[in-house]
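**Q** here is a sequence with its predicted model. Questions after.
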Amino acid sequence: MKYGLPVLSPVDDGGSFTEEAGQFAALDVLGDGNTAVVKALDESWSLIMEEAYKHKYPYDWRTKKPTIFRATEQWFASVEGFRRGALHAIKQVKWIPSQGENRITSMIDSRSDWCISRQRTWGVPIPVFYHVDSGEPLMNEETIAHVKSIVAQKGSDAWWYMNTEELLPEKYRGEAGKYKKGTDTMDVWFDSGSSWAAVVKGREGLFWPSDLYLEGSDQHRGWFQSSLLTSIATTGRAPYKSVLTHGFVLDERGHKMSKSLGNVIDPWIVIEGGKNQKEAPGYGADVLRLWVSSVDYTSDVMIGPQILKQMSETYRKLRGTLRYLLSNLHDWKPESAIMYKDLPLIDKHALFQLANVINSIKESFECYQFYKIFQIIQRFVIVDLSNFYFDVAKDRLYVGYG
């Protein structure tokens, strides 16, 4: 394109060479086609050396086969017209953790035009018609408005089961035979990136922009970015006030969980236990919740048998302390309350510590730092209460007024 050369893409939708490839026509590109091309180069003395070596190459995550790059006609959305607005909006958003701002800023700053079309047999269709002879696209405000009204009543599947004449507005129905409807679908990131318009902005009782978008750290390239771009392009502002990202759950060795590796931790088994209760005991839902609250989600987190065992011991210590408190308050009555000024100094100190704990917890909640709440409570209950305050107060408790 840079030098005005014609685009050549001699590969069909099935991954085989087309007639444009001459002697290689109908051969599978990744199979016999590769072999035949190398052989032809060798026989024509155009190949200096053939050698196998390891290198990085993109593979399809479903079929585990190499991808084939083809030059095909696509629909693009230009980002250049609102890139500056997007970069400005990023600065108005609260990013948790803060490094998320630098991550998405660099991505937007270097982003090329957005390819919004896909060749899939499922998805939201792109409402475009093509002239049968010239291939010229027909898509304007009138055609889009008509298709929009149909989709609002019948859903997006109407594009697939209705004929071209029904999908065209009245003005073009007389020429319906000259057009065919397109088969390209919208990029799924465009779909999800438009959810703010259909959900929070399109429904009563919800507020826009959203207070918080929450997803994994990989979504700076995905949902966070597509949502930002669609919102800036149409409204001039970000669709969210805050964005929080989290890492991924790994096994105890830091490896990604995979069914094929057999290292997946099933939450239900953590709660109820496995078939062999000795090897996979059930810890209950509270231990799993406690683990969730204890980890720093801003990076990848690990979970496994040993980690759960340690968390179970922490849970028992917390629960034991609370039971001790409740068991000694079972017969307490409000009229037995003592004025703060009459409390012993150690009780006042304990209440002072409790007030600090409550304030620290509130601050951590505001910052979404739940793991700090776990640390604060653990230290207060086990160290300040159990190891110190209870130890000092137990004599007074046991020989108190009868």
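**A** That came through fine. Numbering: from 1, shown residues only.

**Q** can you classify residue 215 as helix, strand or coil?
**A** strand (DSSP: H, G, I helix; E, B strand; the rest coil).

**Q** so who does it touch?
**A** 222-224, 245-246 (C-beta atoms under 8 Å, 6 or more residues apart in numbering). All C-beta spots, glycine's among them, are computed from the backbone N, C-alpha and C.

**Q** do the same with residue 95
**A** Applying C-beta under 8 Å, 6+ apart, we find residue 95 in contact with 101, 104, 242-243.

**Q** now tabulate those in JSON lines and tack on pLDDT, secondary structure and distance to residue 324.
**A** What follows is these, written out as JSON lines (pLDDT from 0 to 100; DSSP: H, G, I helix; E, B strand; the rest coil; distance: C-beta to C-beta, whole Å):
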{"residue": "101", "pLDDT": "93", "secondary structure": "helix", "distance to residue 324": "46"}
{"residue": "104", "pLDDT": "94", "secondary structure": "helix", "distance to residue 324": "49"}
{"residue": "242", "pLDDT": "95", "secondary structure": "strand", "distance to residue 324": "40"}
{"residue": "243", "pLDDT": "95", "secondary structure": "strand", "distance to residue 324": "42"}
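
**Q** just give me the closest of those residues to residue 389.
**A** residue 242 (37.9 Å; C-beta to C-beta).

**Q** and the residue nearest to the closest one when sequence neighbours are not counted, what pLDDT?
**A** Of all residues not flanking residue 242 in the chain, residue 94 sits nearest, at 4.2 Å (C-beta to C-beta, 6 or more residues apart in numbering). Each residue has a pLDDT score; the one for residue 94 is 94.

**Q** I'd say residue 65 and residue 31 touch.
**A** No: checked against C-beta atoms under 8 Å, the pair residue 65 and residue 31 is beyond contact range at 10.4 Å.

**Q** out of the contacts of residue 215, who has the most neighbours?
**A** Neighbour counts for those, by other C-beta atoms under 10 Å, peak at residue 224, which reaches 27 neighbours.

**Q** so that residue sits right up against residue 104, yeah?
**A** Yes: between residue 224 and residue 104 there is a contact at 6.2 Å, judged by C-beta under 8 Å.

**Q** just name the closest of the contacts of residue 95 to residue 347, please.
**A** residue 242 (40.2 Å).

**Q** where's that closest one relative to residue 93, distance?
**A** 7 Å (C-beta to C-beta, to the nearest Å).

**Q** can you pull out the strands in this protein?
**A** 76-77, 94-96, 114-115, 117-118, 129-131, 137-138, 179-181, 185-186, 210-216, 240-246, 249-250, 301-302 (DSSP state E).

**Q** possible to save these as JSON lines with distance to residue 271?
**A** Formatted as JSON lines, the strands of the chain follow (distance: least, C-beta to C-beta, whole Å):
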{"stretch": "strand 76-77", "distance to residue 271": "45"}
{"stretch": "strand 94-96", "distance to residue 271": "29"}
{"stretch": "strand 114-115", "distance to residue 271": "43"}
{"stretch": "strand 117-118", "distance to residue 271": "40"}
{"stretch": "strand 129-131", "distance to residue 271": "54"}
{"stretch": "strand 137-138", "distance to residue 271": "55"}
{"stretch": "strand 179-181", "distance to residue 271": "50"}
{"stretch": "strand 185-186", "distance to residue 271": "40"}
{"stretch": "strand 210-216", "distance to residue 271": "23"}
{"stretch": "strand 240-246", "distance to residue 271": "21"}
{"stretch": "strand 249-250", "distance to residue 271": "16"}
{"stretch": "strand 301-302", "distance to residue 271": "18"}
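
**Q** can you tell which of the ones you listed is closest to residue 372?
**A** Once the strands of the chain are compared by C-beta to C-beta, strand 94-96 is nearest, at 13.2 Å.

**Q** so what strands line up beside that closest one?
**A** strand 240-246 (parallel) (DSSP bridges).

**Q** isn't residue 82 up against residue 232?
**A** Yes: the criterion here is C-beta under 8 Å, and residue 82 meets it with residue 232 at 5.0 Å.

**Q** between those two, which one's more packed in?
**A** For residue 82 versus residue 232, neighbours defined as other C-beta under 10 Å are more numerous around residue 232 (24 against 19).

**Q** residue contacts, the more buried one?
**A** 82, 85-86, 89, 238.

**Q** same deal with residue 373?
**A** Counted by C-beta under 8 Å, 6+ apart, residue 373 has contacts 293, 361, 364-365.

**Q** rewinding a little: compare residue 242 and residue 93 (neighbour count), which wins?
**A** Comparing residue 242 with residue 93 by other C-beta under 10 Å, the one with more neighbours is residue 93, at 21 against 15.

**Q** spatially nearest residue to the more buried one (excluding sequence neighbours)?
**A** Per C-beta to C-beta, 6+ apart, closest to residue 93 is residue 238, 5.4 Å.

**Q** helices of the stretch 201-350 of the chain, start to end?
**A** For the stretch 201-350 of the chain, the helices defined by DSSP state H, counting those that start in this stretch occupy 223-235, 267-272, 285-294, 305-327, 345-366.

**Q** repeat for the stretch 1-150 of the chain
**A** 34-43, 83-92, 99-109, 141-154.

**Q** low-confidence ranges in this structure?
**A** 1, 400-402 (pLDDT under 70).

**Q** if we can go back for a sec, let's have the contacts of residue 373 in a markdown table, adding neighbour count and distance to residue 16.
**A** Formatted as a markdown table, these follow (neighbours: other C-beta atoms under 10 Å; distance: C-beta to C-beta, whole Å):
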| residue | neighbour count | distance to residue 16 |
| --- | --- | --- |
| 293 | 16 | 55 |
| 361 | 17 | 63 |
| 364 | 17 | 59 |
| 365 | 12 | 59 |
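
**Q** pipe the residues you listed into a markdown table and attach distance to residue 70 per row.
**A** Conversion of the contacts of residue 373 to a markdown table gives the following (distance: C-beta to C-beta, whole Å):
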| residue | distance to residue 70 |
| --- | --- |
| 293 | 49 |
| 361 | 56 |
| 364 | 52 |
| 365 | 51 |
